[in-house]
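> What follows is a predicted protein model with its sequence.
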Amino acid sequence: MEASTIHTSMASAAKVASEFELSPSAAKLRLLKSLRCTLRFEKSAWASGAALVAGVDEVGRGSLFGPVVAAAVILERGYRIRGLRDSKLLLPERREVLAPRIREHAVAWAVAAVDAARIDQINIYQASRLAMREAVMRLQPAADHLLIDAVKLDCELPQRAIIHGDALSASIAAASILAKVERDRMMCEWDAVFPEYGLASHKGYSTPQHLAALEKYGPTALHRQSFAPVWMNPAEQAVLEFD
């Protein structure tokens, strides 16, 4: 997306927030809902000679717990999966319906994760890029062009960073859905290990329930120690023990 378009998009969100007294997050959500998820970026890449165009996205950047998870998806040209859009705009039940369709009809798909310890070492931005790159590298067959939500990756493949890409590109939306479904599954599994934190309900994000649990029980070994709500917590850190 061109710089002028990016500035227009950001200005539009700010204007909506100002006019209707919405919070920035509510204004962004309204903006995302107004965008159309299509194949226009894929078609542009195909027209330039690319054959295997992968959409790439990550989820979990703002979570206080666990990994950041990324996915890469190469959609089949001749099969349209209806209902693809940014995973944040879909109900969990709808994501669970779409995920197997994406896996079944994709030319290739892959998921990768970077854990909390690595996030603390290199920061969440770099960890997100690392997870996305790893997902791309796992694709079989390999992609020859990348469409990525907002960032560029450290690889030699031709790539295009698209602001709000998960709301505009069908391939990126598909990656967003797979990553979200996988990360939610992981959070539900960890909920059984740490039931007092309510991970299955908030997926590790900074909700009142989660913050109250952190204050009462302290962080676990899988919390992101570099995130302020975690490192500012005065309680003693819980220790994982395995048989």
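Ah, there it is.
> how about the strands in the chain?
Remark: strands assigned in the chain by DSSP state E are 53-59, 68-75, 106-114, 145-149, 159-162.
> Look through this structure and tell me its longest helix.
The residue-count maximum for a helix in the chain (DSSP state H) belongs to helix 170-193.
> picking that back up, mean neighbour count for the strands of the chain - can I get that in a markdown table?
Just so you know, the C-beta spots here come from the backbone N, C-alpha and C atoms, and that holds for glycine as well. Output for the strands of the chain, formatted as a markdown table (neighbours: other C-beta atoms under 10 Å):
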| stretch | mean neighbour count |
| --- | --- |
| strand 53-59 | 30 |
| strand 68-75 | 30 |
| strand 106-114 | 21 |
| strand 145-149 | 26 |
| strand 159-162 | 18 |
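> So which of those is nearest residue 139?
Closest of the strands of the chain to residue 139 is strand 106-114, at 4.6 Å (criterion: C-beta to C-beta).
> was I right about residue 76 contacting residue 108?
No - if you go by C-beta atoms under 8 Å, residue 76 and residue 108 don't touch, sitting 9.8 Å apart.
> what about residue 52, how many residues close to it?
Neighbour count for residue 52, taken as other C-beta atoms under 10 Å: 19.
> again but with residue 229, I slipped
Neighbour count for residue 229, taken as other C-beta under 10 Å: 15.
> Dump the strands of the chain into a markdown table; add distance to residue 32 and mean pLDDT as well.
Output for the strands of the chain, formatted as a markdown table (distance: least, C-beta to C-beta, whole Å; pLDDT from 0 to 100):
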| stretch | distance to residue 32 | mean pLDDT |
| --- | --- | --- |
| strand 53-59 | 13 | 98 |
| strand 68-75 | 19 | 98 |
| strand 106-114 | 23 | 98 |
| strand 145-149 | 12 | 97 |
| strand 159-162 | 13 | 97 |
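> Okay, now the unreliable bits of this structure?
Counting by pLDDT under 70, the ranges of the chain that qualify are 1-21, 234-243.
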